[in-house]
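[1] model this:
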Amino acid sequence: MNIVAHQLLSYKIPDIQLGNVLGEIVRGKDYQNYPQPIATGILLHRNIDFFTDSHPIVKETTRIFHKSYGKFSPIITDVIYDFFLIKNWHLFCDEDFEDFKKSCYKLVQSTEILFPKKLDVILKSLIEDDWFEKYKTYEGIEWTLHNLGKKSKFHYNMADMGNSVKEIYLQEKNIEDQFMRFYPQIQKFCKEFIIKQMPEYEGLIQKNSARRL
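    Numbers count the residues shown, from 1 in each chain. Below is the predicted model of the structure:
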């Protein structure tokens, strides 16, 4: 899953959301250096990635891109799943997408002092290039995947991931069906994971739960 899903699956709990961002770079046991709620967010990030990458429905999606993009097909899947999440936003979140986006950006900006320097470039681009907004359109998805490809040290040996929008367009109904079957499962998984780690958040999670739960 990509950043929009990671944030939504944090159930509007700021410390969990922050940990979920930190999960991009915090490795090994270093999560233990953070307060428990933020550490839970870091572990949630890891578990979301593991749950997603190993899920048979997600593998159905990655196979669509594997012939042309090989080991980079999971990256395409992560990004395009955010596209379908936003497209079907009203089914998974009661909060307006624009309000949710603004609250996420505000949280990152107000707590940037907590993030390691290596995240500076990513978080600056997140807001200045308005990543959340880009995930709403095919043009934005193409821009995102093209730039992700350029940043890879293997990009000279791979097809431009931005070109995958052609396959996404042709397979839109199929991929959207796969996403819609998968997302409620990861919602349930994340809800149970957070409550197991932080039982005191159960009431808040129930309050902030998406409609499908």
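[2] for this protein, what are the low-confidence residue spans?
    Applying pLDDT under 70 to the chain flags the ranges 150-159, 210-213.
[3] which helix in it runs the most residues?
    Longest helix in the chain, counting residues (DSSP state H): helix 172-197.
[4] ok, the closest residue to Ile48 other than its chain neighbours - contacts?
    Once flanking residues are discounted, Ile48 sits nearest to Met1: 5.5 Å by CB to CB, 6 or more residues apart in numbering. Where you see a C-beta, it was placed from the backbone N, CA and C, and this is true even at glycine. Applying CB atoms under 8 Å, 6 or more residues apart in numbering, one finds that Met1 lies in contact with 9, 48-49, 52, 78, 81-82, 186.
[5] Quickly find the element holding Leu123.
    Here Leu123, judged by DSSP states H and E, is contained in helix 120-128.
[6] in that helix, what's buried?
    Within helix 120-128, the residues scored as buried using 16 or more other CB atoms under 10 Å are 123, 126.
[7] now stretch 6-26
    Applying a neighbour-count criterion of 16+ other CB under 10 Å, one finds 6-13, 15-24, 26 buried in stretch 6-26.
[8] how about the strands in the chain?
    Shown for the chain, no strands are assigned by DSSP state E.
[9] And the helices in it, which stretches?
    Ranges of helices in the chain, per DSSP H, are 3-8, 14-22, 36-53, 56-69, 73-87, 89-92, 97-110, 120-128, 131-134, 138-151, 165-170, 172-197, 202-208.
[10] among those, which is nearest Asp30?
    Distance to Asp30, taken as CB to CB, is lowest for helix 36-53 among the helices of the chain, at 8.4 Å.
[11] That closest one - contacts with which helices or strands?
    Where contact means 3 or more CB pairs under 8 Å, 6 or more residues apart in numbering; DSSP states H and E, helix 36-53 is packed against helix 3-8, helix 14-22, helix 172-197.
[12] so which of those gets nearest Phe132?
    Phe132 lies closest to helix 3-8 among these, at 5.8 Å (CB to CB).
[13] from the chain's centre, how far out does the closest one sit?
    Its chain's C-alpha centre and that of helix 3-8 lie 4 Å apart, by CA atoms, centre = their mean, to the nearest Å.
[14] So which residues make contact with that helix?
    Residues outside helix 3-8 that contact it (CB under 8 Å, 6+ apart): 17, 20-21, 23, 45, 48, 81-82, 85-86, 92-93, 100, 104, 126, 131-132, 135, 183, 186, 210.
[15] Nice, that's everything, thank you.
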